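K.L.:
just a sequence and a predicted model for now, questions to come.
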Amino acid sequence: MKNYILLTAVFAILTSCHFNKPEDKKTDSASGLLQGKVKEVLQTSSYTYILAENDGNEIWIAGPKTEAKVGELFYYEENMRMQNFQSKELNRFFETVIFATKLSKNPEDFKVKTNSMSNTDIKAKIEKQNINIVIPSGATSIADLFKNKDKYKGTKISVKGVVTKYNAGIMNKNWIHLQDGTEHKGNFDLVVTSLINCQVGDTLTLQGKVLLDQDFGYGYKYDVLIEDGIKK
């Protein structure tokens, strides 16, 4: 009888408890977006890191550079989650960080979904620059790489180009956009992931492994990508 009374009491306590969801799953009932109140802000050259709090739970969120102040409520959509992530620019490790394609104080900004963008939409935002690179012996032009991508798949090649865009410290790598002046069916921009540091305007010769059909979500698809580029 005592055991029955004890079990009944325990069951009553358990069923009366309210279990909060983790902060990063807390959504705004009207928009369905994830949300969090700013507890801390860290700025880098390309990204804003926000320590977001909801119902006493905290998590770091990183998104495109934006102005943010402590106490403000931000909305976001999760793109990618990284564990034990190191930001070299901040010289800091994050136990968990969520990468968001957009951070905004206004949920209306998300009505046009980022993941509805096509490859063509993304490429349209990257302008072809007036570049004329002499391709050295043993290197591959961007036009030839895209034209014969199946032949190059999984192989290591060298490319030479001018840095037209540079994003540092994403997924533990730097993302380098190169152009060499050549083009194949509208493909003139090549992305290389690397650990080297550079800046827009640098001319680099890089060697790395060719990957095809890389999809990182939210419309960010790369028909051709060179992985782990090193200087040659």
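P.N.:
Done, it's in. Keep in mind the model is a prediction, meaning the values are calculated, not measured.
K.L.:
lowest average confidence, helix or strand, in this protein?
P.N.:
Across the helices and strands of the chain, mean pLDDT, DSSP states H and E gives its lowest value to helix 2-16, namely a mean of 37.
K.L.:
with just CA atoms, put the helix or strand that it is followed by into PDB.
P.N.:
With elements assigned by DSSP states H and E, the helix or strand that comes after helix 2-16 is strand 34-43. C-alpha atoms of strand 34-43 as PDB (Å, rounded to 0.1, in the frame of the first residue of the first chain):
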ATOM      1  CA  LEU A  34      13.200  30.900 -34.200                       C
ATOM      2  CA  GLN A  35      13.900  33.700 -31.900                       C
ATOM      3  CA  GLY A  36      16.200  34.900 -29.100                       C
ATOM      4  CA  LYS A  37      17.000  38.000 -27.000                       C
ATOM      5  CA  VAL A  38      20.500  39.400 -27.400                       C
ATOM      6  CA  LYS A  39      22.700  38.800 -24.400                       C
ATOM      7  CA  GLU A  40      26.100  39.500 -26.000                       C
ATOM      8  CA  VAL A  41      27.300  40.600 -29.500                       C
ATOM      9  CA  LEU A  42      30.600  39.800 -31.200                       C
ATOM     10  CA  GLN A  43      31.400  41.400 -34.600                       C
END
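K.L.:
which element follows strand 34-43 toward the C-terminus?
P.N.:
Next along from strand 34-43, by DSSP H and E: strand 47-54.
K.L.:
which strands or helices does that following strand pack on?
P.N.:
strand 34-43, strand 57-64, strand 73-87, strand 92-104 (3 or more C-beta pairs under 8 Å, 6 or more residues apart in numbering; DSSP states H and E). No exception for glycine: its C-beta is placed from N, CA and C like everyone else's.
K.L.:
which other helices and strands contact the shortest one?
P.N.:
Helices and strands in packing contact with strand 57-64 are listed as strand 34-43, strand 47-54, strand 73-87, strand 92-104; criterion 3+ C-beta pairs under 8 Å, 6+ apart.
K.L.:
helix or strand for Asp144, which one?
P.N.:
When elements are assigned from DSSP H and E, Asp144 belongs to helix 142-147.
K.L.:
what's the domain layout of the chain?
P.N.:
23-115, 119-231 (automatic domain parsing).
K.L.:
as JSON lines, the ones you listed with mean neighbour count and mean pLDDT would be great.
P.N.:
Below are those laid out as JSON lines (neighbours: other C-beta atoms under 10 Å; pLDDT from 0 to 100):
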{"stretch": "domain 23-115", "mean neighbour count": "16", "mean pLDDT": "82"}
{"stretch": "domain 119-231", "mean neighbour count": "16", "mean pLDDT": "88"}
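K.L.:
which ones are touching Gly63?
P.N.:
Each residue near Gly63 by C-beta atoms under 8 Å, 6 or more residues apart in numbering is listed here: 47-48, 50, 76, 99-103.
K.L.:
grab the two from those that are most spread out in space.
P.N.:
Farthest-apart pair in these is Ile50 and Thr101; separation 14.1 Å (C-beta to C-beta).
K.L.:
how about Glu183: what's its closest non-neighbour residue?
P.N.:
Spatially, and ignoring its direct neighbours in sequence, Glu183 is nearest to Ala143 (5.6 Å; C-beta to C-beta, 6 or more residues apart in numbering).
K.L.:
the one you found and His184: what is the separation?
P.N.:
4 Å (C-beta to C-beta, to the nearest Å).
K.L.:
what's the answer for Gln199, then?
P.N.:
According to C-beta to C-beta, Gln199 stands 27 Å off from His184.
K.L.:
let's have the helices and strands packed on strand 57-64 in JSON lines, adding distance to Gly138.
P.N.:
Formatted as JSON lines, the helices and strands packed on strand 57-64 follow (distance: least, C-beta to C-beta, whole Å):
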{"stretch": "strand 34-43", "distance to Gly138": "41"}
{"stretch": "strand 47-54", "distance to Gly138": "36"}
{"stretch": "strand 73-87", "distance to Gly138": "33"}
{"stretch": "strand 92-104", "distance to Gly138": "36"}
